[in-house]
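Novice: Sequence and predicted structure, then a few things I'm wondering about:
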Amino acid sequence: MSGFKTLDDMGDVTGKRVLVREDLNVPMDGARVTDDTRLRAAAPTVAELSDKGAIVLILAHFGRPKGERNPDMSLALVTKPLSDVLGREVRFVDDCVGPDAKAAIADLKPGDIALLENTRFHKGEEKNDPALVAALAELGDVYVSDAFSAAHRAHASTEGLAHVLPAFAGRAMQAELEALEKALGKPEHPVAAVVGGAKVSTKLDVLRQMVAKVDHLVIGGGMANTFLAARGIDVGKSLCEHDLADTALAILDAADAAGCTVHLPYDVVVAKEFRANPPTRTINVHEVAADELILDVGPNAVEALADALKTCRTLVWNGPLGAFETPPFDTATVALARTAAALTQSGTLVSVAGGGDTVAALNQAGVGDQFTYVSTAGGAFLEWMEGQELPGVKALEAASTL
């Protein structure tokens, strides 16, 4: 992951047209952005290039317009919120290719910033069509990839451009790749991974990768029930993929062979119905009644997990330990997240977390800013954990320089 060039390698960009691929796919309520995390992530690269005298041309997608113009998915909606975050003017250009775009860009001066219309209004974007790549490349002199969350897709604006223009990683992309390298590329051992979520079936490849790479694997969420059931424990009415028992046992065998300790809960919080604040019991995992649901990891198991983390140097976290959106079943996730944050702040642990649910859980615990790195990418982070090559990253590594 070390072969990419960054903004530090660009040389003088005064007056150069720099195409910057950002992820501005933010949630909105009418004209209001409800979570500006991605806008704030884009700001450092855009501001730095503008300060260096580049003509900054931002490329991004918004929603899934399927190759058709759709006013509800126009990046015009994001222009003012982005301008507010940057504290400087952002112009909107009504297309991302073609004569109108060229004419609008010709009016821009060094330091100006323009947001080009949704790349997905063109059918060729998601097909990585060479004709669209060429049309985009005509508008710029240099390409900067700054959207890790879109790097698992080989689209024209995320992958194709890196092959036809001098290409560099923006600051957000650089931070992400450096954090991931530290967490799983060349981590300091012992390494722990927390993998949670509802279903084993969605994270099979992650689990297989992790048992070969980490020293401690913590399995949480509904996934843990499938492993418990595979070991012959009655999980009552809990969410459980009973048909994956053999797969779960094979993963546990692979962990044994690799010297990886798998942590499954031995005390759990159960209820007879899944809703906010129902009557609950905290019990040994062998005491689950036929009409009960396991909805969180119990306090004894959380304490043991905290003790295990204290022996580790690196942590990768994806997914909650319990049904964290519904109180009180966020208790275990919040407690372990706070332990990880404290260890990170004391300098003994490098902690990298990613995925939408994970980010929400860490923010709920009040520690989203106390991990070494928190990735806002969902699919790209998961694919990276699975050991897959991300096309947008691979293209950067292969790219030429100025």
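Specialist: In hand now; what should we look at?
Novice: Spell out, range by range, the helices that occur in the stretch 301-402 of the chain.
Specialist: Taking DSSP state H, counting those that start in this stretch as the test, the helices found in the stretch 301-402 of the chain are 331-345, 356-364, 379-385, 391-398.
Novice: which residues touch Ile58?
Specialist: Ile58 sits next to Val20, Glu22, Leu24, Ala42, Val46, Leu82, Val90, Ile113, Ala114, Leu115, Leu116 when contact means Cβ atoms under 8 Å, 6 or more residues apart in numbering. Any C-beta I mention is one placed from the backbone N, CA and C, and that applies to glycine too.
Novice: Keep only those of these that are in helices.
Specialist: The helices, defined by DSSP state H, take in Ala42, Val46, Leu82 from the contacts of Ile58.
Novice: Helix or strand: which one has the closest residue in space to the second one that isn't next to it in sequence?
Specialist: Across the structure, with Cβ to Cβ, 6 or more residues apart in numbering as the measure, the residue nearest Val46 apart from its sequence neighbours is Val56 (5.7 Å). Assigned by DSSP states H and E, Val56 belongs to strand 55-59.
Novice: Mind listing what's buried along stretch 261-269?
Specialist: Val262, His263, Leu264, Pro265, Asp267, Val268, Val269 (16 or more other Cβ atoms under 10 Å).
Novice: per-domain residue ranges of this structure.
Specialist: Here the domain assignment for the chain is 7-172, 187-385, based on automatic domain parsing.
Novice: for those, which one sits closest to Ala395?
Specialist: Minimum separation from Ala395 across the domains of the chain (Cβ to Cβ) falls at domain 7-172, 3.7 Å.
Novice: so where's this structure shaky on pLDDT?
Specialist: Along the chain, segments meeting pLDDT under 70 span 1-2, 400-402.
Novice: Apply 80 and report the result again.
Specialist: The chain contains residues with pLDDT under 80 at 1-3, 356, 376, 378, 399-402.
Novice: For Leu396, which of the domains of the chain is the nearest?
Specialist: domain 7-172 (5.5 Å).
Novice: from the chain's centre, how far out does the closest one sit?
Specialist: Put simply, domain 7-172 sits 19 Å off its chain's centre (Cα atoms, centre = their mean, to the nearest Å).
Novice: one step back: TSV please, covering the helices of the stretch 301-402 of the chain and showing mean neighbour count.
Specialist: As requested, these are exported to TSV (neighbours: other Cβ atoms under 10 Å):
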stretch	mean neighbour count
helix 331-345	22
helix 356-364	20
helix 379-385	23
helix 391-398	20
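Novice: how about TSV for these, with distance to Val297 added?
Specialist: Below are the helices of the stretch 301-402 of the chain laid out as TSV (distance: least, Cβ to Cβ, whole Å):
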stretch	distance to Val297
helix 331-345	4
helix 356-364	13
helix 379-385	21
helix 391-398	34
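Novice: closest one to Gly160 among those?
Specialist: helix 391-398 (7.9 Å).
Novice: Need the contact partners of that closest one.
Specialist: Outside helix 391-398, the residues within contact range by Cβ under 8 Å, 6+ apart are 1, 3-5, 145, 147-148, 150-154, 158-160, 162-163, 167-169, 173, 177.
Novice: And the strands in the stretch 1-150 of the chain, which stretches?
Specialist: For the stretch 1-150 of the chain, the strands defined by DSSP state E, counting those that start in this stretch cover 17-21, 28-29, 32-33, 55-59, 91-93, 113-116, 142-145.
Novice: will you turn those into CSV that also has distance to Met210?
Specialist: Shown next, in CSV, are those (distance: least, Cβ to Cβ, whole Å):
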stretch, distance to Met210
strand 17-21, 30
strand 28-29, 35
strand 32-33, 34
strand 55-59, 34
strand 91-93, 43
strand 113-116, 39
strand 142-145, 27
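Novice: closest to Ala103 out of those?
Specialist: Closest to Ala103 of these, according to Cβ to Cβ: strand 91-93, at 9.4 Å.
Novice: what's the closest one packed up against?
Specialist: helix 76-86, helix 98-106, strand 113-116 (3 or more Cβ pairs under 8 Å, 6 or more residues apart in numbering; DSSP states H and E).
Novice: 6 Å - rerun?
Specialist: strand 113-116 (3 or more Cβ pairs under 6 Å, 6 or more residues apart in numbering; DSSP states H and E).
Novice: Give me the sheet partners of the strand it packs on and which way each runs.
Specialist: strand 55-59 (parallel), strand 91-93 (parallel) (DSSP bridges).
Novice: out of those, deepest packed?
Specialist: Highest mean neighbour count among the strands paired with strand 113-116 (mean count of other Cβ atoms under 10 Å): strand 55-59, with a mean of 28.
Novice: for the stretch 101-250 of the chain, what spans make up the helices?
Specialist: Under the criterion DSSP H, counting those that start in this stretch, the stretch 101-250 of the chain carries helices at the ranges 124-127, 130-137, 171-180, 204-213, 221-230, 245-258.
Novice: so how far is the fifth one off the chain centroid?
Specialist: Helix 221-230 has its average C-alpha position 24 Å from the chain's average C-alpha position, going by Cα atoms, centre = their mean.
Novice: What residues sit buried inside it?
Specialist: Within helix 221-230, the residues that qualify as buried by neighbour count (16+ other Cβ under 10 Å) are Gly221, Gly222, Met223, Ala224, Asn225, Thr226, Phe227, Leu228, Ala229, Ala230.
Novice: quick one, which of the helices of the stretch 301-402 of the chain is nearest to Asp141?
Specialist: helix 391-398 (17.0 Å).
Novice: could you check the angle strand 17-21 makes with that closest one?
Specialist: Per axes from the mean of the first three to the mean of the last three Cα atoms, to 10 degrees, the angle that helix 391-398 makes with strand 17-21 is 140 degrees.
Novice: Could you point out which of the helices of the stretch 301-402 of the chain sits nearest Asp129?
Specialist: Nearest of those to Asp129, taken as Cβ to Cβ: helix 391-398 at 14.8 Å.
Novice: and that closest one with helix 171-180, angle?
Specialist: Helix 391-398 runs at 90 degrees relative to helix 171-180, counting by the same axes, to 10 degrees.
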